[in-house]
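Novice: Below: sequence and its predicted model.
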Amino acid sequence: MVTKDAQGAGRFEPLERLLARAAGERQRLGDLICATHKLTPRQLADALAEQCDSGQKLGEVLVAHGLISAAERDVILRFQEQQGRAPSEAGGALHLGTLLVARGRINQQQLDEALARQQASGRRIGEELVAAGLVQAAQVSFDLALQRALVNNVLLAALALAGTPGPGGVHAVAEPLAPPAARARIDVACSEALQVDLQFQEASLAVSEDDLARGYVDVPSGSRFCVRGKPGESYLVEIQPSAAMFDTAFVTGLGPTMEVSPDAGGVTPLVSAAVPTEHALGYRFLLRPGTQAGVYPWPLNLFVHPL
């Protein structure tokens, strides 16, 4: 299906859906472009200086110097317009409150009540939830970082659909798909258009004396799952630490090797769900000093985010 924008140019429906998923506070145009790695901070500073001298709009300056194309500028401007809207006005999936519900921080009723209180208080939704004692400030900060990473991936995907491919590897964070024997190891946000079939997930991590002597544990095949979806659907996979027994975990099988620390997870680039995709993940855990030999609960959670 093809829709028309205000200028009458053809736009495929997947692009419209991606633009509708813009979330978070409205960002300045220059910051959005820098986030796509199409512009360096120095180039932005020079363009802003020229803007002040010429009176032109920033987008016009960047296009005139060939730093971005007119098509890229238009997509980013439309994306910017969508930011800051309420979940009911936009796609909603990447709204902070919706992410907190999807990640199990709060439930939907708590979010609805906080949104109602927010109308009177004027606080941000994260501040409202912290004030109510429902989440900790550190949790909100973590999920805001996740939101920024997911939003950036959506913008890159929108640029690619508009015929302006973005860079190929953005690191960030995601949630648990759960096999019966290892609850809360992998999860998928609700989506009628996306199906995740878990084939295998390690429930524990065994650390031997030999592993301690090497300083790391290798798990060549710790997770296997398949994602199926309808044409036009996409998803991200997030990995979140659930234990602090390692210094760094290296994860393969999701594109570029992902580095995960006990304080921060990682997010894959956008993946198309049009063709069933098998994911087989391998892990290397660099052990923290003082770790003892034994069997530990699996220290990572996986999350699949439909987009």
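Specialist: Arrived safely, thanks for sending. Numbers count the residues shown, from 1 in each chain.
Novice: Which residues does the closest residue to residue 218 other than its chain neighbours form beta bridges with?
Specialist: The shortest distance from residue 218 to any non-neighbouring residue, by Cβ to Cβ, 6 or more residues apart in numbering, is to residue 284 (5.2 Å). To be clear about C-beta, it is placed using only N, CA and C from the backbone, and glycine gets the same treatment. Under DSSP bridges, the beta-bridge partners of residue 284 are residue 218, residue 250.
Novice: Residue numbering should commence at 365 henceforth.
Specialist: Done: numbering now begins at 365, and the last item shifts to residue 648.
Novice: Residue 648: neighbour count?
Specialist: Applying other Cβ atoms under 10 Å, we find 16 other residues in the vicinity of residue 648.
Novice: Could you do residue 626 as well?
Specialist: So residue 626, with other Cβ under 10 Å, has 16 neighbours.
Novice: That one against residue 649, yeah?
Specialist: No - judged on Cβ atoms under 8 Å, residue 626 makes no contact with residue 649 at a distance of 10.6 Å.
Novice: what touches both of those two?
Specialist: residue 610 (Cβ atoms under 8 Å, 6 or more residues apart in numbering).
Novice: And the helices in the chain?
Specialist: 377-384, 393-399, 405-418, 422-428, 434-446, 460-466, 472-485, 489-495, 501-525, 573-578 (DSSP state H).
Novice: Counting by contacts, list what the second one packs against.
Specialist: In terms of contacts (3 or more Cβ pairs under 8 Å, 6 or more residues apart in numbering; DSSP states H and E), helix 393-399 is packed against helix 405-418, helix 422-428, helix 434-446, helix 501-525.
Novice: Check what contacts the second one and list those residues.
Specialist: Defining contact as Cβ under 8 Å, 6+ apart, one finds that helix 422-428 is touched by 393-394, 397, 403, 411-412, 414-415, 418, 420, 432-434, 437, 440-441.
Novice: on that earlier part again, adding mean pLDDT, distance to residue 630 and mean neighbour count, write the helices of the chain out as TSV.
Specialist: Converted to TSV, those look like this (pLDDT from 0 to 100; distance: least, Cβ to Cβ, whole Å; neighbours: other Cβ atoms under 10 Å):
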stretch	mean pLDDT	distance to residue 630	mean neighbour count
helix 377-384	70	21	20
helix 393-399	85	17	18
helix 405-418	90	24	13
helix 422-428	92	30	18
helix 434-446	88	23	18
helix 460-466	82	16	21
helix 472-485	90	26	14
helix 489-495	92	22	19
helix 501-525	78	9	20
helix 573-578	92	23	12
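Novice: got those helices as CSV, with distance to residue 654 columns?
Specialist: Formatted as CSV, the helices of the chain follow (distance: least, Cβ to Cβ, whole Å):
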stretch, distance to residue 654
helix 377-384, 46
helix 393-399, 38
helix 405-418, 40
helix 422-428, 51
helix 434-446, 46
helix 460-466, 33
helix 472-485, 38
helix 489-495, 33
helix 501-525, 24
helix 573-578, 10
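Novice: Would you mind confirming that residue 489 makes contact with residue 461?
Specialist: Yes - between residue 489 and residue 461 there is a contact under Cβ under 8 Å: 4.9 Å.
Novice: what do those two both touch?
Specialist: In contact with both residue 489 and residue 461: 475, 478-479, using Cβ under 8 Å, 6+ apart.
Novice: how much space between the nearest residue to residue 652 once chain neighbours are set aside and residue 513?
Specialist: If the residues on either side of it in the chain are set aside, residue 652 comes closest to residue 611, at 5.3 Å by Cβ to Cβ, 6+ apart. From residue 611 over to residue 513 the distance is 22 Å, taken as Cβ to Cβ, to the nearest Å.
Novice: Same check on residue 522?
Specialist: 15 Å.
Novice: what do you get for residue 581?
Specialist: Applying Cβ to Cβ to residue 581 and residue 513 gives a distance of 27 Å.
Novice: for residue 651, same thing?
Specialist: 27 Å.
Novice: ok, now which ones touch the residue nearest to residue 582?
Specialist: 580-583, 613-614.
Novice: Please indicate which of those residues are buried?
Specialist: 580-581, 583, 613-614 (16 or more other Cβ atoms under 10 Å).
Novice: tell me which of these is nearest to residue 605?
Specialist: residue 613 (7.4 Å; Cβ to Cβ).
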